[in-house]
Each structure stands twice: as C-alpha cells, then as structure tokens.
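K.L.:
can't give you the sequence, but here's the structure:
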C-alpha cells in the first residue's frame, strides 16, 4: 500500500470506511431487533452467512476486474460511482436543509421489533424467520458496501486492498459497538457521514471517469483532493439555498 501513494490510498480507506459504517449501522439496527425478539443464535447465523457471501463477491469480482483494461474499468466504474455519490449527497443536502426528515435508527428499531412480534416465535429448532431477516438486511445493506469496495478498488492498481481494509474496519467498529451497547446506534451522525461519503464518492467517480475518457488531471492523483474540496464547497452552498427555497415556498403559494 505504501507504493500506491496516500493521495489515493488514504481517501480510498476513508471513503470505504465511512460508507460501510453507515450501511453496517443500518443493518445492525435490524439485526438487534430480530435478535432481541426471536433469539440471537439464528439472527447471528443469518448475519454471518450474508457476510460470507459478501466476502466471496469481493474476492471473485475483484479478481475478475484485474483481467479488464484499466481504462474501460475507470470509465464505467467512475460513472457509476459518480451517480452513486451524487445520490447520497443529494439526500444529505436535503436532510441538512430540512426538506426531508433525518433517518431515525430508534424508530427503525421499534418498527422492526413490532414486525418480528407479529410472527410466532418457534420454540427450539431453527428459526427461519430470524435467519432470513438477518440475512436479508445484511445482504441488502452489504450490497452497497460491496459495490463501493469494488468500485474504489477498480480505480487503480492495488486499491482493492485499502478499500477492503476500510470496509473491514467499519465492520469491526460496528460489531464492537453492537456488542457493547445492545441497542440502536442512534447517536451516530448518519447524515453527516452520508454528506462526507457523498462528497468522497463523487470526487472519486469524477476523477476515474475523467481518466477513463483521457483527461490529464493537473497534479495527477492529488487532483482528487481538489475535487473533494470542490464538491464539498458546492454541497455546503446548496444547503442554505435549499433551506431558503423551502422556507419561501408557502409565501409564494399564497400570492395570487
């Protein structure tokens, strides 16, 4: 990783860590609800099975990408990563501006608990509902983690390892916190994390898409930092603009 350069490896680790942290926190909320209502054994088995599937996907897809020309990968993955990052950034801007409500992990936990209580808890044996529910949510949230790790790893030679390291670190943090508190991580500043991740993914996507179409970036890899600063500045300016537009909307509709 030292041969890659921290201009690439550092942001790759950070982007993968923060994006994975958000997804794993959301998965943890549901797994905690399932385990508390239906028992921990099958909930944890479902989670472990999904994590195993995701690990196989990362290894298999990461190996397959090495056989595709780097320019083609950067063009396709860069475009997808840019769209993915802009989607996260758009939601984070709208939530920061108060246009759409913030995500509430406590409310999500309560909703999942009520849903699990509607199904009869099986006494002994294998609880398929607990296993399937934990597997499904872990795979659902984990699919985005796999995509981000693969996309970041496809941006350059040797980047799959630091991206995987960032995602693994996020997983370990969430597991430790989940074991320690046994409750939803409602105090995690999820919208701020999505704001930062949206900026990072948009910057990476722009950089790699540009390389895929033959753009010669000034400063080479260090241009990523300039792109991060640019996307961050635009996003921060967009928040008060969206807030002001939302506040002015009722006054506009009442005028003839």
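P.N.:
The structure has been received and is ready for your questions. Since we're looking at a predicted model, the values are computed, not measured. Residues are numbered from 1 along each chain as shown.
K.L.:
avg pLDDT for stretch 99-113?
P.N.:
Average pLDDT, stretch 99-113: 68.
K.L.:
again, but for stretch 227-246
P.N.:
pLDDT averaged over stretch 227-246 gives 88.
K.L.:
okay, buried residues for that stretch please.
P.N.:
227, 228, 231, 232, 235, 238, 239, 242, 243 (16 or more other C-beta atoms under 10 Å). Every C-beta, even on glycine, is put in place using the N, C-alpha and C of the backbone.
K.L.:
where do the helices sit along the stretch 101-250 of the chain?
P.N.:
105-117, 128-153, 160-181, 190-212, 223-254 (DSSP state H, counting those that start in this stretch).
K.L.:
correct me, but residue 191 touches residue 96?
P.N.:
Yes. Contact criterion C-beta atoms under 8 Å: residue 191 and residue 96 qualify, at 6.4 Å.
K.L.:
the two: who's more crowded?
P.N.:
residue 96 (21 against 17; other C-beta atoms under 10 Å).
K.L.:
now the two most distant members of the buried residues of stretch 227-246.
P.N.:
The distance between the two most remote of those (C-beta to C-beta) is 25.2 Å, for 227 and 243.
K.L.:
just the closest of the buried residues of stretch 227-246 to residue 166, please.
P.N.:
Out of the buried residues of stretch 227-246, the member with the shortest distance to residue 166 (by C-beta to C-beta) is residue 228, at 15.7 Å.
K.L.:
is it true that that closest one touches residue 198?
P.N.:
No. Residue 228 is beyond contact range of residue 198, at 10.9 Å (criterion: C-beta under 8 Å).
K.L.:
can you redo the helices of the stretch 101-250 of the chain as TSV with distance to residue 29?
P.N.:
Shown next, in TSV, are these (distance: least, C-beta to C-beta, whole Å):
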stretch	distance to residue 29
helix 105-117	5
helix 128-153	9
helix 160-181	9
helix 190-212	10
helix 223-254	26
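K.L.:
among the ones you listed, which is nearest residue 57?
P.N.:
Closest approach to residue 57 among the helices of the stretch 101-250 of the chain (C-beta to C-beta): helix 128-153, 5.2 Å.
K.L.:
could you check the angle that closest one makes with helix 160-181?
P.N.:
Helix 128-153 runs at 140 degrees relative to helix 160-181, counting by axes from the mean of the first three to the mean of the last three C-alpha atoms, to 10 degrees.
K.L.:
helix 128-153: which residues count as buried?
P.N.:
129-131, 133-135, 137-139, 141-142, 144-153.
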